[in-house]
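Student: give me the fold of what follows.
(chains A and B)
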There are 2 protein chains.
Amino acid sequence: MSVPIAILAGTGALPVALAEAQPDALCLAFDTPDARIADRAEPHRLEKLGAAFDRLRAAGVGDVVLAGSIKPRLDPAALDPLMQAEAPALLAALAQGDDAVLRAVIALIERQGFRVRGAHEVAGGLTLAAGAASVAEPDPVARNDIARARAILAALGPLDVGQAAVVAQGRCLGIETLQGTEALLSFVAATDPARRPQAPGVLVKAPKPGQDLRVDMPAIGPDTVHQARAAGLAGIAVTAGQTLVLDRARLDAALTETGLFLWADAP
Amino acid sequence: MSVPIAILAGTGALPVALAEAQPDALCLAFDTPDARIADRAEPHRLEKLGAAFDRLRAAGVGDVVLAGSIKPRLDPAALDPLMQAEAPALLAALAQGDDAVLRAVIALIERQGFRVRGAHEVAGGLTLAAGAASVAEPDPVARNDIARARAILAALGPLDVGQAAVVAQGRCLGIETLQGTEALLSFVAATDPARRPQAPGVLVKAPKPGQDLRVDMPAIGPDTVHQARAAGLAGIAVTAGQTLVLDRARLDAALTETGLFLWADAP
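Tutor: The predicted structure follows:
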């Protein structure tokens, strides 16, 4: 029997997809878990990571997967001894952006003797192959817009900003910031129609250069497709093998329903 | 008597400020002019720039100032002979972003024998000196946020994106795109309070590297201050000599009322 793995779960669809792909995995919830995994998820707290690591060791876990979104809140009065020692460094990292926090968390987990694996490494079918994943495909204008959005994201990547951008006919209509992709697409949807370029535009989601794909891979799902449609876009482009695709059946249905393209560039 | 200048006016506060500073300037309006200059502004159309240039020549104009916002709409059926020749190049530039359009327009004006001057060159007091222009000043956290916003804008500048960015405690809350500063600040105002960093954040407006300050200088006014306040920010930073300050009396009143800082870094 192989060494068991553990899912350190936050909110969202990814912990659910992982739990389904790994029925034997231990599941520790650090935020209110999705109803579909609520019966499997053991409640834990960021303030008591020492207790969580003890639980993993007791279960013989070797590999852990971080999945879903966890609010970085720490109640100073609730810290266990491990976190009393580690919290200052984590809080300092918090001021430096998402990447710094994740690097610090990974380093902490690895110092405890566990290996951090990516969701795509422990569950197949969570990323796309290169090419069209939809019936629709990007036209030449959309391909130019994809290239321009990628140039914008590449310029911002070293600054730890921007997993997504929207470009229409060469004009940038939005760049993802702290608020996330849904907020970006709502912003684009609210653009004064008189100011919009003629071409509908594309959403490009791509990892930042050097981004740790084990813990911070860009993700899309059916909601992304509907939000992109509401923002008036023609489609979505991602990077093959480097973007998580959640809830594939509903995603495919959303693409069919909206007529949007979903395109994966080779990395 | 010196050679007269002309204001090629769009909408906004800048044509008004210029017209007040230059009471003898010829004023050609390419969009519905502000009521304060409506009696001075001669109506013209982008489609008939040939006629506008004839008017400037007849008046003996040497220097022209482009001021305010002009919607880049061209009715193909209304083009005069000059614009029939020039419109294709202008439309091609339109697909390449704001900078390309402005470069093409400046080149066209200069080929017609006029010199394009910046608003700040023909009217004093439209930009800020280095330092605080408010009673409030940025604290150390705000100074770090200003530096980080400037780094983001510097990275994007070569791509012709971003005259403004909002950063709070090192986290980017928004980057200006096609929709402009007001839309950016509305987006920031709508940020989920639970996701906002502890520090209030700053708006930084700065010209893009290589931006032609004669025709595309960043601008702020009293509305910017109130919108920044509504977005929960602590203040605004600009570049000394490189950001137009519109309606200074009301701007000062807005700073006093809101307690926000307005800071100008040396260029």
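Student: what separation do you get for the residue of the stretch 1-150 of chain A found nearest chain B and residue A:71?
Tutor: Closest residue of the stretch 1-150 of chain A to chain B, CB to the nearest CB: residue A:95 (5.2 Å). For glycine as for every other residue, the C-beta is placed from the backbone atoms N, C-alpha and C. According to CB to CB, to the nearest Å, residue A:95 and residue A:71 sit 16 Å apart.
Student: next: residue A:132.
Tutor: According to CB to CB, residue A:132 stands 36 Å off from residue A:71.
Student: higher neighbour count, these two?
Tutor: residue A:132 (16 against 12; other CB atoms under 10 Å in any protein chain shown).
Student: wait, doesn't the more buried one sit right on residue A:255?
Tutor: No - with contact defined as CB atoms under 8 Å, residue A:132 does not count as touching residue A:255 (9.8 Å).
Student: tell me, what's touching these two both at once?
Tutor: Counting by CB atoms under 8 Å, 6 or more residues apart in numbering or on different chains, the common neighbours of residue A:132 and residue A:255 are A:261-262.
Student: can you tell me the SS state at residue A:7?
Tutor: Look at residue A:7: counting by DSSP: H, G, I helix; E, B strand; the rest coil, its state is strand.
Student: how about it: which residues does it bridge to?
Tutor: Applying DSSP bridges to residue A:7 yields these beta-bridge partners: residue A:27, residue A:65.
Student: residues contacting it?
Tutor: Residue A:7 is in contact with A:15, A:18-19, A:22, A:25-28, A:64-65, A:67, counting by CB under 8 Å, 6+ apart.
Student: residues contacting the closest residue in space to residue A:115 that isn't next to it in sequence?
Tutor: Using CB to CB, 6 or more residues apart in numbering or on different chains and skipping the chain neighbours, the partner closest in space to residue A:115 is residue A:63 (4.9 Å). Neighbour list for residue A:63: A:3, A:5-6, A:114-117, A:122 [criterion: CB under 8 Å, 6+ apart].
Student: of those residues, which belong to helices?
Tutor: residue A:122 (DSSP state H).
Student: buried among the contacts of residue A:63? Make that a ChimeraX selection.
Tutor: Buried residues within the contacts of residue A:63, by 16 or more other CB atoms under 10 Å in any protein chain shown, are selected in ChimeraX with:
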select /A:5,6,114,116,117,122
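Student: let me have the contacts of residue A:63 in a markdown table, extended by pLDDT.
Tutor: Shown next, in a markdown table, are those (pLDDT from 0 to 100):
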| residue | pLDDT |
| --- | --- |
| A:3 | 68 |
| A:5 | 94 |
| A:6 | 96 |
| A:114 | 96 |
| A:115 | 95 |
| A:116 | 95 |
| A:117 | 94 |
| A:122 | 87 |
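Student: out of the contacts of residue A:63, give me the two with the largest separation.
Tutor: Maximum pairwise distance among those (CB to CB): 14.3 Å, between A:3 and A:116.
Student: where does the prediction get shaky in the stretch 151-267 of chain A?
Tutor: Within the stretch 151-267 of chain A, no stretch has pLDDT under 70.
Student: what does it have sitting close to chain B?
Tutor: Residues of the stretch 151-267 of chain A lying close to chain B by CB under 8 Å from any CB of the partner chain are A:151-152, A:155-156, A:158-159, A:161, A:169-175, A:177-179, A:183, A:187, A:190-192, A:194-195, A:197.
Student: please apply the same query to the stretch 1-150 of chain A.
Tutor: By CB under 8 Å from any CB, the residues of the stretch 1-150 of chain A that approach chain B are A:71, A:95-97, A:148.
Student: who wins for neighbours among the residues you listed?
Tutor: residue A:148 (23 neighbours).
Student: which ones are touching the residue nearest to that residue when sequence neighbours are not counted?
Tutor: Excluding its sequence neighbours, the residue lying closest to residue A:148 (CB to CB, 6+ apart) is residue A:167, at 4.9 Å. Contacts for residue A:167 (CB under 8 Å, 6+ apart) come out as A:145-146, A:148-149, A:152, A:173, A:201-202, A:204.
Student: highest neighbour count among these?
Tutor: Neighbour counts for the contacts of residue A:167 peak at residue A:145, which has 32 neighbours (criterion: other CB under 10 Å).
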